[in-house]
Structure formats: C-alpha cells, structure tokens
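Novice: Okay, sequence plus prediction incoming.
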Amino acid sequence: MTEPDTRQAVLRIEAADADAEELDRLARRLRAELGELDVDLRAVPGELPEGAKAADPVTVGSLMVAFSAAGGVFPGLVETLREWLGRQAGHHKIKMTIDGDTVELERATTAERQQLIEAFVQRHG
C-alpha cells in the first residue's frame, strides 16, 4: 500500500502466563485472520526474548498493520480483533497503537467494548 491515506497500527498481543512460543502461535493465528482483510501485515522489528527460537529478530506477539483510511477498513479491522479475542480460551488482550494513541482490547461487556471502540474509531477512522 503506497496510497497517501494509508494508516499504520501496531498490534501487540498480551497473554497471561504465555511464553514466547505461545505468543508466536497466537500472533500467527491472528495474522491468518487479518490476512482476510484489505491490510498489509508485517512483523515488528525488535529484540528477541531470552530463549526465543527465531531466525529474525522480531517483537514476539506484535504485528504492524497498514490499511487505507478510506473505505471502512479500520472498523472492520477492529471488529476482527474483537471477534478473535472472543474466541480465545485464555485471558488475552491486544494493544493497538496508532500515532502514539493506544487502546487495549480485551474481554469486556459488549457495551464497554463498543463505547471504547467507537471513541477510538472516531479519532483514527
């Protein structure tokens, strides 16, 4: 995506009691679902956690998502994240950061999630 209206978000999965391998599995599952959307996905460069097994240094459990600000892609992205979290067995959350503004998505009541997401979408959609 090289369009001028492209936005970038960093997604970071946080999972209670998960090691680097589990975070990697979660990130791969999320990446597969996000691959169905009109977004560009990349690994987030960073330091490998101690004991992690990977050839390239990436921040485990993190993804960079580039998407068009037009066309309603952002609300679809957020809805996909919410649905993915709802299907996870453990207590996980996803931190989404756009332009230094971070929102934490986790299991909450439907009304709480909707209120939080609507405010975030209004700022960045």
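Specialist: Done, it's in. Numbering: from 1, shown residues only.

Novice: can I assume Ala9 sits in a strand?
Specialist: Yes - checked against DSSP: H, G, I helix; E, B strand; the rest coil, Ala9 lies within a strand.

Novice: who's in contact with it?
Specialist: Listed by CB atoms under 8 Å, 6 or more residues apart in numbering, the contact set of Ala9 reads 64-65, 67, 77, 96-98. To be clear about C-beta, it is placed using only N, CA and C from the backbone, and glycine gets the same treatment.

Novice: please redo it, this time with the cut-off set to 10 Å
Specialist: Taking CB atoms under 10 Å, 6 or more residues apart in numbering, we find Ala9 in contact with 39, 63-67, 74, 77-78, 81, 96-99, 101-103, 124.

Novice: do the same with Ile98
Specialist: 7-10, 65, 67, 74, 120, 123-125.

Novice: ok, now Leu26?
Specialist: By CB under 10 Å, 6+ apart, the residues touching Leu26 are 13-15, 18, 60-61, 84, 88, 90, 92, 94.

Novice: Can you select the buried ones from these in PyMOL?
Specialist: Buried residues within the contacts of Leu26, by 16 or more other CB atoms under 10 Å, are selected in PyMOL with:
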select buried, resi 13+15+18+60+61+84+88+92+94
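
Novice: Give me the subset of the contacts of Leu26 lying in strands.
Specialist: In strands, judged by DSSP state E, the following of the contacts of Leu26 are found: 13-15, 60-61, 92, 94.

Novice: does the residue lying closest to Gly61 once chain neighbours are set aside sit in a helix, a strand or a coil?
Specialist: Leaving aside its chain neighbours, Gly61 sits nearest to Leu23 (3.6 Å; criterion: CB to CB, 6 or more residues apart in numbering). The three-state assignment at Leu23 reads helix, by three-state DSSP.
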